[in-house]
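Asks: sequence first, then the predicted structure:
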Amino acid sequence: MTMDHVMIEDTKTFRHAGDLKLSHLTMSDAKETLWWCHDVQLDHVTATGDYFGKNCENVVVNDLQLSGNYAFDGGRNIEVHNSTFQTHDAFWNCENVTVYDSTLIGEYLAWNSKNITFINCWIESEQGLCYVDHLTMKNCALVNTNLAFEYCSEIDAEITTTIDSVKNPVNGRIKAPAIGEVIFDDPAIQASQTQIQTRRQSA
């Protein structure tokens with residue numbers, strides 16, 4: 001299915017659908033839209049609604065302006081470019097997600113996920129980026145974010161802003177101009193397994 005220059009004013013559209021090309025769409029009530037869909041291309045889409053894109057696979061996004069919580073929960077093989085997400089709990093339970101040149105504002109970003117990459121992104125996420133296996137961040141701003149990276153493994157993060165706090169990362173590398181507080185309070189986590197680099201100190 002191909003749709004171009006369309007306004008959709010209904011919830012729960014696109015279920016168990018494949019080979020979708022949606023461009024220049026406005027979805028004013030996109031609650032529970034794009035569930036269990038595969039091979040989806042979104043170009044210049046504006047959507048408002050919770051639980052957008054649940055359990056989707058093979059999704060390529062360019063210029064998605066999304067306002068709504070729990071976006072792309074359970075998704076697989078997702079690539080996002082030049083988009084803005086105002087949502088908490090985005091990309092939970094996901095696998096193989098790469099986000100380029102985008103802004104993400106909310107809470108609890110990408111928990112319980114695997115193979116997550118952010119490149120050139122602006123991220124504001126209270127207690128975001130926890131319980132991630134294989135987390136990569138390149139040239140990303142991470143602001144208004146506390147207790148980040150808790151129980152994350154295989155971290156490779158290059159952050160351009162001060163991180164409020166980091167808690168119990170399992171292993172990897174975190175590089176930032178400064179970190180307000182680094183917390184290791186779980187005896188099962190070995191602090192030596194995570195290389196933390198700041199301008200003030202290296203641990």
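Replies: Yep, it's here. Numbers count the residues shown, from 1 in each chain.
Asks: quick one, what contacts residue 193?
Replies: Residue 193 is in contact with 170-172, counting by C-beta atoms under 8 Å, 6 or more residues apart in numbering. For the C-beta atoms, the positions are set from N, CA and C on the backbone; glycine is no exception.
Asks: list the buried residues for whichever strand or helix holds residue 23?
Replies: Using DSSP states H and E, residue 23 falls within strand 18-27. For strand 18-27, burial by neighbour count (16 or more other C-beta atoms under 10 Å) applies to 20, 22-23, 25-27.
Asks: hmm, who's touching that strand?
Replies: 1-9, 13-14, 33-34, 37-49.
Asks: of the residues you listed, which belong to strands?
Replies: If you go by DSSP state E, the contacts of strand 18-27 have 2-8, 38-48 in strands.
Asks: who touches residue 139 in this structure?
Replies: 119-120, 158, 160.
Asks: give me the buried subset of those residues.
Replies: For these, buried by 16+ other C-beta under 10 Å: 119, 160.
Asks: could you dump the contacts of residue 139 into TSV with distance to residue 87 and secondary structure added?
Replies: Formatted as TSV, those follow (distance: C-beta to C-beta, whole Å; DSSP: H, G, I helix; E, B strand; the rest coil):
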residue	distance to residue 87	secondary structure
119	19	strand
120	19	coil
158	24	strand
160	22	coil
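Asks: which of the contacts of residue 139 sits closest to residue 129?
Replies: Nearest to residue 129 among the contacts of residue 139: residue 158, at 13.5 Å, using C-beta to C-beta.
Asks: is it true that that closest one touches residue 140?
Replies: Yes. The criterion here is C-beta atoms under 8 Å, and residue 158 meets it with residue 140 at 7.2 Å.
Asks: rewinding a little: for ChimeraX, what selects the buried ones among the contacts of strand 18-27?
Replies: The ChimeraX command for the buried members of these (criterion: 16+ other C-beta under 10 Å) is given here:
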select :8,13,14,33,34,37,38,40,41,42,43,44,45,46,47,48,49
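Asks: quick one: stretch 38-49 to chain centroid distance?
Replies: 16 Å (C-alpha atoms, centre = their mean, to the nearest Å).
Asks: and what of stretch 181-190?
Replies: Centre to centre, stretch against its chain (C-alpha atoms, centre = their mean), the figure for stretch 181-190 is 24 Å.
Asks: show me where the chain dips below the pLDDT cut-off.
Replies: Low-confidence segments of the chain, defined by pLDDT under 70: 200-203.
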